[in-house]
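Q: Coordinates only, no sequence provided:
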């Protein structure tokens, strides 16, 4: 248990920065236009803290937070399996345990390269502990990162559709996720791909209580139809 906790504590810092050497080597450099897009995004650090019920933001800078959650790689620790965690005074020492974490890739990181760096780092840090325990790194699944050009006419059509339906100018955001078919479309069809959202930030996607408000279902249907209309319009 002590060895596992020691290794997991060396994967990511309190500030969210990944501690594995070489992880940031191939991350695309940020442009002035992208920074301007973050500056113009309708987002407040206070809203993040209020939603979490405490002062949880790693920075007071809106731009830094948006970059951390949308364009920089991130590593999340998810838990330890095999250890006793029930209520009461039991103090069972587990014979075998495993830790789980995930790493979000961003352009232009390579899945195979990152996998090798992670595995090598864990094995080297474990070796430094001098423990007689053994470690095995299991890779479950992964995918290539994807991002599209938000200045493309496809996105401009989506902007006009959003303005028409919601009477607001949309934020063009990047999110961590696992929708592999997006990259399949982009690579095989050679087209600009757009993910057009219909829900709210509090829908809890993939969670136990995932939801979609009726109003968003109705307005989202209007948005899709208007988007297709804008795609076919001469100004698109």
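A: In hand now; what should we look at? All of these numbers come straight from a predicted model, not from anything done at the bench.

Q: Hmm, residue 71 and residue 34 touching each other?
A: Yes. Assessed by CB atoms under 8 Å, residue 34 is found in contact with residue 71 at 7.3 Å. Backbone N, C-alpha and C define where each C-beta goes, glycine included.

Q: Now name the helix or strand holding residue 79.
A: Here residue 79, judged by DSSP states H and E, is contained in strand 74-81.

Q: Buried residues in that strand, which are they?
A: By neighbour count on 16 or more other CB atoms under 10 Å, the buried set for strand 74-81 is 74, 75, 80.

Q: Which one of these is nearest to residue 216?
A: residue 74 (26.9 Å; CB to CB).

Q: Who does residue 101 form a beta bridge with?
A: Beta-bridge pairing for residue 101 (DSSP bridges): residue 77.

Q: There's contact between it and residue 76 in this structure, I believe.
A: Yes. Counting by CB under 8 Å, residue 101 touches residue 76, with 6.3 Å between them.

Q: How about residues contacting the least confident helix or strand in the chain by mean pLDDT?
A: Here the helix or strand of the chain ranked lowest by mean pLDDT, DSSP states H and E is helix 45-52, holding a mean of 86. Contact partners of helix 45-52, identified using CB atoms under 8 Å, 6 or more residues apart in numbering, comprise 55, 56, 57, 59, 60, 61, 62, 65, 202.

Q: From the contact counts, what lies against the very next helix or strand once past it?
A: Going down the chain from helix 45-52, the next helix or strand is helix 62-70, by DSSP H and E. Using 3 or more CB pairs under 8 Å, 6 or more residues apart in numbering; DSSP states H and E, the elements in contact with helix 62-70 are helix 32-40, helix 45-52.

Q: how big is the angle separating helix 62-70 from helix 32-40?
A: For helix 62-70 against helix 32-40, the angle by axes from the mean of the first three to the mean of the last three CA atoms, to 10 degrees is 110 degrees.

Q: from the middle of its chain, how far away would helix 62-70 be?
A: What separates the centre of helix 62-70 from the centre of its chain is 11 Å, taken as CA atoms, centre = their mean, to the nearest Å.

Q: tilt between that helix and helix 45-52?
A: Using the same axes, to 10 degrees: helix 62-70 against helix 45-52 is 50 degrees.

Q: as a whole number, average confidence for helix 62-70?
A: For helix 62-70, the mean per-residue pLDDT is 90.

Q: Once you drop chain neighbours, what's closest to the residue positioned nearest the centre of the chain?
A: The centroid of the chain falls nearest to residue 176 when counting by CA atoms, centre = their mean (2.3 Å). Distance criterion CB to CB, 6 or more residues apart in numbering; nearest residue to residue 176, sequence neighbours excluded, is residue 104 at 4.3 Å.
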